[in-house]
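Engineer: need a 3D model of the following:
(one chain, ligands or ions: 2)
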Amino acid sequence: MQEVRVSWEMPVAFTTDLFAIDNLLLRDTVIRQEQTRCHRLLVFIDAGVVEADNTLLTRLSAYCEHHSKHLKLVCPPISLPAGEELKNNWQQIEFMLTVCHDLHIDRHSYVVGIGGGALLDSVGLVAAIAHRGIRHIRIPTTVLAQNDSGVGVKNGINLFGQKNYLGTFAPPFAVLNDYKFVESLTERDKICGMSEAVKVALIRDRIFFSWLEKNASRLQSFDANAMQHMIKRCAELHMHQICHGGDPFETGSARPLDFGHWSAHKLETLSDHSLRHGEAVAIGIALDTHYSVRTGLLEDGLDDRVCVLLEQLGFSLWHPALEAETNDGKLALLNGLDDFREHLGGKLTITLLRNLGEGIEVHNMDNAQIVHSIKWLHNRFLSKTRTSRNTSTTGIATDRVVRTQSNQIDNR
Ligand SMILES: NC(=O)c1ccc[n+]([C@@H]2O[C@H](COP(=O)([O-])OP(=O)(O)OC[C@H]3O[C@@H](n4cnc5c(N)ncnc54)[C@H](O)[C@@H]3O)[C@@H](O)[C@H]2O)c1
Ligand SMILES: [Zn+2]
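Structural biologist: Ligands and ions are numbered 1, 2, ... in the order given. Below is the predicted model of the structure:
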């Protein structure tokens, strides 16, 4: 019996103004292992990021020019239309692989991804499979990518109508988080990533959950200090699980960071990706928190408390896809449990809650109780909508939840 042990060094750094000439973080990251030579960089960038900041490409080129002793762009940064469409498009993966091939990107070159979770997942896959693995630097630009997806070890794209069907576990060479990117996000995308913070707080850190509750109104108005604390604490909790949880490549049956995700992944597909990942996760958290209460695992009332926090942050906790049916009249969402089990293999393992800050693994979910939980969410949504209609006729402003709900519905 032989044993292979591989250890990875993966810095996750926080900075502001990453491409300012005197910010040495990117340069020092690249030369971490070989300080004397000039390194080749191929950059793929989210078109949404380029659109939001028309000086970015110039600043990035000027940065590499200034540090030309160590950094060389092999071609101008390549902008790709991003969002979930990119993850649904195998041809874009082929395109990126072709670029790597044609520009002779080798295993000591760097493939840099700048963008949201979808772009990073796609570029990460390319970097992991070209030459069986090229050094990869992630520069996450959304809340969700900075506090969750970008700081992990997974990549992947959607195939056969299934989320993340094709992908690998491949720790990046480094992750560089620059809060400035978050400032140019739409309100919707600023909100999206906050559900992952609620998720990780609920399963790992009660104090962080209380902090989120106390700071909900600062987060609701995107106060920079509160947002930065939320992103950093969430990233720390994710990293801690990956580095110290004992199973970074998820070889067992448990997916401890995926609370609320069995339904979220299915909802993304069922809504034809009109629901963003973070929005679907918020609904998934609400569903599984109520399910935890219904099945006696969690104290009554805590479900409402979790929902109130998510709503204060700006999430809608209802979407018609929750009630979608298959051709044979079954509740389509329930297939999410099979997909979830099959994705990992082994025994179905779902994380539920036994307290705020404390997850519990179960190996079975009761379909009837799931249906009741969906009804509970629907009733909650209907009564909130009625209340907000009443308050708006009395001249009191409707809250952001209702605006977000109509956003999501408009975007379907
Ligand atoms: N690999 C993992 O472990 C992991 C974990 C969680 C989520 N994910 C994946 O992450 C994806 C969701 O990522 P996301 O929430 O970042 O959304 P996203 O990548 O779809 O980006 C949302 C939108 O924001 C735009 N954008 C990105 N950065 C911007 C900026 N700074 N300014 C203006 N616009 C900008 C993008 O162009 C896009 O239109 C999903 O595909 C999900 O499955 C992966
Ligand atoms: Zn997630």
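Engineer: for the residue lying closest to H39 once chain neighbours are set aside, what are phi and psi?
Structural biologist: Closest residue in space to H39, ignoring its immediate chain neighbours: V30 at 5.1 Å, by CB to CB, 6 or more residues apart in numbering. In this view, the C-beta of every residue, glycine as well, is placed from N, C-alpha and C. In this entry, V30 is assigned phi and psi values of phi -60, psi -40 (degrees, to the nearest 10).
Engineer: tell me the pLDDT at V30?
Structural biologist: For V30, the pLDDT comes out at 97.
Engineer: tally of neighbours for it?
Structural biologist: 24 (other CB atoms under 10 Å).
Engineer: tell me the buried residues in the strand ranked longest in the chain?
Structural biologist: In the chain, ranked by residue count with DSSP state E as the criterion, the top strand is strand 39-46. Of the residues in strand 39-46, H39, R40, L41, L42, V43, F44, I45, D46 count as buried by neighbour count, 16 or more other CB atoms under 10 Å.
Engineer: repeat that for stretch 96-109.
Structural biologist: Within stretch 96-109, the residues scored as buried using 16+ other CB under 10 Å are M96, V99, C100, I105, S109.
Engineer: identify, from the residues you listed, the entry nearest to ligand 1.
Structural biologist: Of all those, M96 has the smallest distance to ligand 1: 15.5 Å, by CB to the nearest ligand atom.
Engineer: what about the residue nearest to that closest one when sequence neighbours are not counted, neighbour count?
Structural biologist: In this structure, M96 finds its nearest non-sequential neighbour in V126, 4.3 Å apart by CB to CB, 6+ apart. V126 has 25 neighbours, counted by other CB under 10 Å.
Engineer: so who does V126 touch?
Structural biologist: Counting by CB atoms under 8 Å, 6 or more residues apart in numbering, V126 makes contact with F44, I93, M96, L97, C100, V111.
Engineer: assign it to helix, strand or coil.
Structural biologist: The three-state label given to V126 by DSSP: H, G, I helix; E, B strand; the rest coil is helix.
Engineer: next one, pLDDT for it please.
Structural biologist: pLDDT at V126 comes out at 98.
Engineer: now do A397
Structural biologist: 37.
Engineer: now swap in R386 and tell me
Structural biologist: Value for R386, per-residue pLDDT: 84.
Engineer: D410 too?
Structural biologist: With respect to pLDDT, D410 has a value of 38.
Engineer: do the same with G346
Structural biologist: Looking at G346, its pLDDT is 76.
Engineer: list the contacts of the residue lying closest to it once chain neighbours are set aside.
Structural biologist: Of all residues not flanking G346 in the chain, S253 sits nearest, at 3.6 Å (CB to CB, 6+ apart). Counting by CB under 8 Å, 6+ apart, S253 touches L344, G345, G346, K347, L348, T349.
Engineer: switch to 6 Å and redo it
Structural biologist: Residues near S253 by CB atoms under 6 Å, 6 or more residues apart in numbering: G346, K347, T349.
Engineer: enumerate the residues of the stretch 101-250 of the chain near ligand 1.
Structural biologist: Applying CB under 6 Å from any ligand atom, one finds that the stretch 101-250 of the chain approaches ligand 1 through 115-119, 121, 141-142, 144-145, 148-149, 152, 154-155, 181, 184-185, 189, 192-193.
Engineer: just the residues you listed: which are in strands?
Structural biologist: Using DSSP E, those in strands are G115.
Engineer: filter the residues of the stretch 101-250 of the chain next to ligand 1 down to the buried ones.
Structural biologist: Judged by 16+ other CB under 10 Å, buried ones among these: 115-119, 121, 141-142, 144-145, 148-149, 152, 154-155, 181, 185, 189, 192-193.
Engineer: name only those of the contacts of S253 that count as buried.
Structural biologist: T349.
Engineer: what is the nearest of the contacts of S253 to S263?
Structural biologist: Nearest to S263, judged by CB to CB, of the contacts of S253 is T349 at 14.9 Å.
Engineer: so who does the closest one touch?
Structural biologist: S253, A254, E361.
Engineer: in its sheet, what does the longest strand of the chain sit against?
Structural biologist: Applying DSSP bridges, strand 39-46 is found paired with strand 71-73 (parallel), strand 78-80 (parallel), strand 110-115 (parallel).
Engineer: which residues are contacting the longest one?
Structural biologist: What that stands for is strand 110-115. Contacts to strand 110-115, defined as CB under 6 Å, 6+ apart, come from residues 41-46, 49, 82, 119-120, 123, 127, 134-139, 141.
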